[in-house]
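Undergrad: model the following, please.
(one chain, ligands or ions: 1)
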Amino acid sequence: MSRKNNPYEMALKQFDAAVSHMDLDEGTVKYIRSIRRELTVTFPVEMDDGGIEMFTGYRVQHNNVLGPTKGGIRFHPNVTLDETRALAMWMTWKSALLRLPFGGAKGGVAVDPRKLSINELRRLSRRYASEITIIMNPESDIPAPDVGTNPQVMAWIMDTYSWLRGGTAPAVVTGKPVPLGGSQGRLEATGMGVMFSAREAMKYNGIDPKEATVAVQGFGNVGSMSARFMHELGSRVVAVSDVYGGIYNSNGIDIPGLIEHARRTGSVTDFPGSEPITNEDLLAMKCDVLIPAALEGQITEENAPKIQAKIIAEGANGPTTPGADKILHSRGVFVVPDILCNAGGVTVSYFEWVQGWQHFFWRRDEVARKLEETMVESFNAVLDQHEKTGLDMRTAAYTLAIGRVAEAFEMRGIFP
Ligand code: NAD
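TA: Here you go, the predicted structure:
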C-alpha cells in the first residue's frame, strides 16, 4: 500500500524502536514481529434497489501467545489489509500492557456505512460475520466495535455466529447491547479510560484538571465520551471536531448539549454559541490536553512543530507518526500513548467476555471501579518504566508490553 504514513510501517517502526532498547533473543523478536494469520474476504450484499454490490473485508490475528486474539471491527472506506495489520499488532501490545489474557486482532470492511440503509448494513454485517466465522470463536478470536461499528452491529455478529454454530454465544463478541449480555459501562469505557489517563498525566505534570483546557479531535464513541468525562472532571473542553469540521468556545463547550446536538444532526458543526474552526486549527490550538480520537496518522512531522498542547492523550489508535513522536519528545510534550490511553475499551471488553462465559453480570459501579484500578496501575507502570529508563512514554509502554509477550512465547515454546 502506498498511503502516506502507512499504519503498518508505523507499527513496525514503533516495535523496532522499542526492541532496540531491549535484550531479546533474535528468534523471539522474529516471531513476535510477524503476523500470525490474515483472512481476506470478498462477498456480495444485496442492496435495497435489488442490485448486488461486492465488498472486501479482513480479519487479521497478529499474535495469540497470551490468549485468544481480541480486537475491533472497522467499517470505513479506507480500510486496507495494512491498516488492519497495524491495528491488530497494536491490540497485542495493548492487551499485554494492561495484563489482559488476550492476544491482538483486528477486522474491517472497506465501506462507508453512512451510505447504507439500515437493512443494507444488517445484511453486510451478517455476511461479513459469516465469512470470518471460520476464524472467529469465543475461545480464539473475539471482535468488538471500532470506527463505523456499534452495539447493533455487534448484536448482528453475535446472532449470526450463534445461528451458524448452534446455541447462543454471547462471549464471541464484546460491545454488545446490554440486554444481549453486553457489559454495563462498555459503551463509555474507552472515553472513561482516556479521562483516567489524562487525569493521571495532569497530576504528574502539575496541572489542575479544574483549570485545564481540552481539545478533542473526533466526536464518535471515543471522542464524545472522552469529552463528556473530561467535562465531568471539571476541565474546560474548548474545541471539538469531526469529519465535517470543528467548533470552538473559549468559555468551554456545553458537552451534554453538544452530544444531543450531534445525535440529532449527525455532526458537531453549527452548535449554537460556538465558532467554526478547522481540524488543523484544533490540533495546533493552545490547550493543556489534546485528545486525538478520530483516525491514525493525524499528528505528523508537518504539524507536530505547531502543537501547543502540554499533554497528548491518544484516544485514537496510531494518531501520531514516529517522525512526529520525535518532534513532540524533543519539545517536551507529554504523550500518553494509545496502547495505554485508549485501553479502557479492551479492558471492559475483557470484563464483558468474562461475564459472557459466566452468565453472571456486574453492576456499572463495579465495572467503573475495576476499570479505574486497571488504568491507574498500568499508567503508573509505564510512568515508572519511563522514569527508570529515560525512554519516552510510548517506547516505555512498548518495552513493557513486548517483554511480556516475549516471556510468554519463550515459556510456551514452539509447536510441535
Ligand atoms: P467512531 O466511528 O465512533 O467515530 C470516529 C469519529 O472520527 C467521528 O466523529 C468522525 O466524524 C471523526 N473523524 C473521522 N475522520 C476525521 C477527520 N479527518 N478529522 C476529524 N474527525 C474525523 O469511532 P470510534 O470508535 O470513536 O474510534 C475512534 C478511534 O478510537 C479509532 O482510532 C479507533 O481505532 C480508536 N479506538 C476505539 C475504541 C472503541 O472502543 N470504540 C477503543 C480503542 C480505540
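
Undergrad: any figure for the gap between Glu302 and the ligand?
TA: 15 Å (Cβ to the nearest ligand atom, to the nearest Å). Where C-beta positions appear, they are placed from N, C-alpha and C, glycine not excepted.

Undergrad: my error: substitute Asp146 in the last question.
TA: Distance from Asp146 to the ligand, by Cβ to the nearest ligand atom: 5 Å.

Undergrad: give me the nearest residue to Val19, chain neighbours excluded.
TA: Leaving out its chain neighbours, the residue that sits closest to Val19 by Cβ to Cβ, 6 or more residues apart in numbering is Val29, at 5.6 Å.

Undergrad: do I have it right that that neighbour meets Ser20?
TA: No. Assessed by Cβ atoms under 8 Å, Val29 is found out of contact with Ser20, at 10.2 Å.

Undergrad: buried residues in stretch 265-283?
TA: Using 16 or more other Cβ atoms under 10 Å as the test for burial, stretch 265-283 gives Ser267, Val268, Thr269, Phe271, Ser274, Ile277, Asn279, Leu282, Leu283.

Undergrad: tell me which residue in the protein sits closest to the ligand.
TA: Proximity of the chain to the ligand (Cβ to the nearest ligand atom) peaks at Gly220, 1.7 Å away.

Undergrad: got the residues of the stretch 301-416 of the chain near the ligand?
TA: Gly315, Ala316, Asn317, Asn342, Gly345 (Cβ under 6 Å from any ligand atom).

Undergrad: mind listing what the fourth one touches?
TA: In other words, Asn342. Contacts for Asn342 were tallied using Cβ atoms under 8 Å, 6 or more residues apart in numbering; they are Lys94, Thr190, Gly193, Val194, Val222, Glu314, Gly315, Ala316, Asn317.

Undergrad: swap the cut-off to 7 Å and go again
TA: When contacts are counted by Cβ atoms under 7 Å, 6 or more residues apart in numbering, Asn342 touches Thr190, Gly193, Val194, Val222, Glu314, Gly315, Asn317.

Undergrad: how many other residues sit next to Arg369?
TA: If you count neighbours by other Cβ atoms under 10 Å, Arg369 ends up with 12.

Undergrad: contact residues of the stretch 1-150 of the chain facing the ligand?
TA: Pro145, Asp146, Val147, Gly148.

Undergrad: quick one: which of the residues you listed has the most company?
TA: Counting by other Cβ under 10 Å, top hit in those: Pro145 with 27 neighbours.

Undergrad: tally of neighbours for the spatially closest residue to that one that is not a sequence neighbour?
TA: Sequence neighbours aside, Gly175 is the residue nearest to Pro145 in space, at 4.1 Å (criterion: Cβ to Cβ, 6+ apart). Counted by other Cβ under 10 Å, the residues lying close to Gly175 total 29.

Undergrad: assign Gly175 to helix, strand or coil.
TA: Put simply, Gly175 is coil when judged by DSSP: H, G, I helix; E, B strand; the rest coil.

Undergrad: what sits against Ala316?
TA: Contacts for Ala316 (Cβ under 7 Å, 6+ apart) come out as Gly218, Val222, Pro292, Ala293, Ala294, Leu295, Glu296, Asp338.

Undergrad: tell me which residues touch the last one, please.
TA: Contact analysis of Asp338 by Cβ under 7 Å, 6+ apart lists Trp90, Glu314, Ala316, Asn317, Gly318, Pro319.

Undergrad: now do 10 Å
TA: Applying Cβ atoms under 10 Å, 6 or more residues apart in numbering to Asp338 gives the contacts 14, 90, 93-94, 194, 292, 296, 313-320, 394, 397.

Undergrad: show me those that map onto helices.
TA: Those of the contacts of Asp338 mapping onto helices are Gln14, Trp90, Trp93, Lys94, Val194, Arg394, Ala397, per DSSP state H.

Undergrad: out of these, flag the one nearest to Glu83.
TA: For the ones in helices among the contacts of Asp338, the residue nearest Glu83 by Cβ to Cβ is Trp90; the value is 10.8 Å.

Undergrad: ok, that closest one - how many residues close by?
TA: By other Cβ under 10 Å, the burial measure for Trp90, its neighbour count, is 27.

Undergrad: wait, it sits on Lys106?
TA: Yes. With contact defined as Cβ atoms under 10 Å, Trp90 and Lys106 form a contacting pair (8.1 Å).

Undergrad: many thanks, have a good one.
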